[in-house]
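> This is the structure alone, sequence omitted:
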């Protein structure tokens, strides 16, 4: 599946920027959705750690054969806590 994402970031002097990206992830049809969610979360965690600027928000959509199968977003709250806006679950 292809995952397209937007990263909203802020550099050291306070200038905000939006980056667009895309990646391909392996997944299993009929597989456990919790495993897929964990894999996506780990991938974005790695992207945030590798980014040289402070990431404020990530919005993403996953596609399989051109059809959107998953959407989501994460935003930063406080010191190192990531929250999904829908569930308010801390990650």
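Nice, thanks for sending it over. Computed from a prediction, not measured in an experiment: that's the story for all the values here. Residues are numbered from 1 along each chain as shown.
> Identify the residues contacting residue 8.
Applying C-beta atoms under 8 Å, 6 or more residues apart in numbering to residue 8 gives the contacts 16-18, 55-59. Just so you know, the C-beta spots here come from the backbone N, C-alpha and C atoms, and that holds for glycine as well.
> in the chain, which spans are helices?
Per DSSP state H, the chain carries helices over the ranges 33-50.
> Flag the shaky bits of it, pLDDT-wise.
Low-confidence segments of the chain (pLDDT under 70): 77-91.
> Okay, the residue of the chain most remote from its centre and residue 54: tell me how far apart.
Residue farthest from the centre of the chain, counting by C-alpha atoms, centre = their mean, is residue 13 at 23.9 Å. Separation of residue 13 from residue 54 (C-beta to C-beta, to the nearest Å): 11 Å.
> Report the set of residues contacting both of the two.
Common contact partners of residue 13 and residue 54 (C-beta under 8 Å, 6+ apart): none.
> Run through the residues that contact the closest residue to residue 69 other than its chain neighbours.
Distance criterion C-beta to C-beta, 6 or more residues apart in numbering; nearest residue to residue 69, sequence neighbours excluded, is residue 62 at 5.5 Å. Residue 62 sits next to 1-4, 25, 40, 68-71 when contact means C-beta under 8 Å, 6+ apart.
> which of those are buried?
1, 3, 40, 70 (16 or more other C-beta atoms under 10 Å).
> Restricted to strands, list these.
Applying DSSP state E to the buried ones among the contacts of residue 62, the entries found in strands are 3, 70.
> Include distance to residue 30 when you put the buried ones among the contacts of residue 62 into CSV, please.
Below are those laid out as CSV (distance: C-beta to C-beta, whole Å):
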residue, distance to residue 30
1, 14
3, 19
40, 17
70, 15
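> so which pair among the buried ones among the contacts of residue 62 is furthest apart in space?
1 and 40 (9.7 Å; C-beta to C-beta).
> What about residue 74, how many residues nearby?
By other C-beta atoms under 10 Å, 22 other residues sit near residue 74.
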